[in-house]
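# Compute the structure for the input listed below.
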Amino acid sequence: MRSDPELEAALAAARERGRIRAREILDGDDMLSAEAFAEVLCATQTTLNAMRQNGQVLGLDGGKCGVRFPVWQLNIEGAPYPELASLHRCLGGPWAVYRFLVQPHGALNGLTGRQALERGAGMNALNTAVSIVRDFD
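Residues are numbered from 1 along each chain as shown. Here you go, the predicted model:
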C-alpha cells in the first residue's frame with residue numbers, strides 16, 4: 001500500500017494541533033497535579049490513583065507532566081461528582097469524559113455535562129452520555 005504524501009502531511013498537522021490543544025488544556029489554571037489534587041481531597045496519592053483507575057475521579061494523562069486533574073470535578077462539598085464513574089464506564093477513556101463534560105449538548109438544553117452536574121442534573125447528564133454512545137455505535 002502506497003502512502004499519499006498530502007494525506008500523511010494533513011494527518012501529521014492534525015496530530016500536532018491535537019498535541020498543542022491537549023497541552024493547553026493540561027496547562028490550564030483549573031488543572032491540578034496529582035499531589036495538589038490529593039491534598040484537596042485529603043487523600044494519599046495512592047488513594048487518588050486508585051480512584052482514577054476505577055473512574056471515581058477524572059485524571060488526564062499529561063505525558064511528561066504527569067496526570068492532571070480538573071478541580072471543577074468536585075461538588076460544593078469538595079467531593080467528586082458521583083456520576084463520574086458511570087460516565088467513565090459509558091464513554092470509555094478520560095479524554096472522552098472530559099470532552100463530554102466541557103462541550104454543550106442539545107439534550108441538556110445547551111448545558112455542558114459539567115454544568116448539568118453542577119445543577120444537580122446528574123441523571124440527565126448520564127442519559128445524554130448513553131444516547132451519545134448509542135448513536136455512534
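# Output the helix or strand where residue 52 lies as PDB, restricted to C-alpha atoms.
Counting by DSSP states H and E, the element that carries residue 52 is helix 45-53. What follows is helix 45-53, C-alpha atoms only, in PDB (Å, rounded to 0.1, in the frame of the first residue of the first chain):
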ATOM      1  CA  GLN A  45      -1.600   9.800  46.100                       C
ATOM      2  CA  THR A  46      -2.100   6.000  46.300                       C
ATOM      3  CA  THR A  47      -5.800   6.500  47.100                       C
ATOM      4  CA  LEU A  48      -6.100   9.100  44.300                       C
ATOM      5  CA  ASN A  49      -4.500   6.800  41.800                       C
ATOM      6  CA  ALA A  50      -7.000   4.000  42.800                       C
ATOM      7  CA  MET A  51      -9.900   6.500  42.500                       C
ATOM      8  CA  ARG A  52      -8.600   7.500  39.000                       C
ATOM      9  CA  GLN A  53      -8.200   3.800  37.900                       C
END
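# Compute the mean per-residue pLDDT across that helix, please.
Helix 45-53 carries an average pLDDT of 96.
# And it, what's buried?
48-49, 51-52 (16 or more other CB atoms under 10 Å). Placement of C-beta: from N, CA and C, glycine included.
# Who are the packing partners of that helix?
In terms of contacts (3 or more CB pairs under 8 Å, 6 or more residues apart in numbering; DSSP states H and E), helix 45-53 is packed against helix 34-41, strand 67-70.
# Pick out the most distant pair among the buried residues of helix 45-53.
49 and 51 (7.3 Å; CB to CB).
# Just send the buried residues of helix 45-53 back as TSV, with distance to residue 32 too.
Listed next are the buried residues of helix 45-53 as TSV, based on distance: CB to CB, whole Å:
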residue	distance to residue 32
48	10
49	14
51	14
52	12
